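Visitor: Fold the following for me, if possible:
(one chain, ligands or ions: 1)
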Amino acid sequence: ELEFFFPQEHTFALIKPDAAKHHKDDIMQKVKEAGFTISKIKEEALTREMAEQFYKDHKGKPFFEELVTCMTQGPSVIMVLSKENAVEEWRQLMGPTDPEVAKQTSPESIRAQFAQDILSNAVHGSSNREHALKSIECAFGELDID
Ligand code: RTP
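Guide: Residues are numbered from 1 along each chain as shown. Coordinates of the predicted model:
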């Protein structure tokens, strides 16, 4: 009945390869504590095509090649997270892009606690609902959850 007032939203979330290797359990713990439902999950290395699709807005930037290499170097944990206001809340839980900033402004965030540096910054999350839907379809096919 609550869902009538607080409809679920879905977002696309990913634990990047380095963090998937070293901090997966701790990050999954924070996901659950924050009240997300894990609607879909798989562990697999992104292909170059997928990494380029997720980061197409950054094509041409000086860090793009490094970013794609970093994202394809090993298995990622790829998820659909569901919750009221999921897109925004997952971004909040991730924290700012740069872990040095994250440590100052959001010490409880995933990036403050588990990011290595601004490139290997532990997690990815869609920045809006449209991007979320596109990334979910790209990773899992048509969205078949309510
Ligand atoms: P994301 O897209 O991964 O969820 O992260 P975001 O919105 O916080 O960061 P964004 O500005 O979209 O950048 C995407 C990813 O590119 C890498 N990056 N490196 N070396 C650099 O200055 C730099 N800036 C961004 C990070 O891996 C970031 O997550």
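
Visitor: Return the residues of this protein in contact with the ligand.
Guide: 55, 58, 63, 67, 97, 118-119, 121, 124-125, 127 (C-beta under 6 Å from any ligand atom). The C-beta positions use only the backbone N, C-alpha and C, and glycine is treated the same way.

Visitor: Name the residues that touch stretch 54-65?
Guide: Contacting residues not belonging to stretch 54-65 are listed as 14, 46, 52, 67-68, 71, 119, 124, 135, 138 [C-beta atoms under 8 Å, 6 or more residues apart in numbering].

Visitor: rerun that using 6 Å as the cut-off
Guide: Here stretch 54-65 makes contact (C-beta atoms under 6 Å, 6 or more residues apart in numbering) with residue 67.

Visitor: now the strands for the protein?
Guide: 9-15, 37-45, 75-83, 123-125 (DSSP state E).

Visitor: Check the residues of the chain next to the ligand for burial and list the buried ones.
Guide: 55, 67, 119, 121, 124-125 (16 or more other C-beta atoms under 10 Å).

Visitor: Could you measure from residue 110 over to the ligand?
Guide: Distance of residue 110 to the ligand, computed by C-beta to the nearest ligand atom, to the nearest Å: 11 Å.

Visitor: Tell me how many other residues crowd that residue.
Guide: 26 (other C-beta atoms under 10 Å).

Visitor: what residues are up against it?
Guide: 27, 30, 93-94, 122-123.
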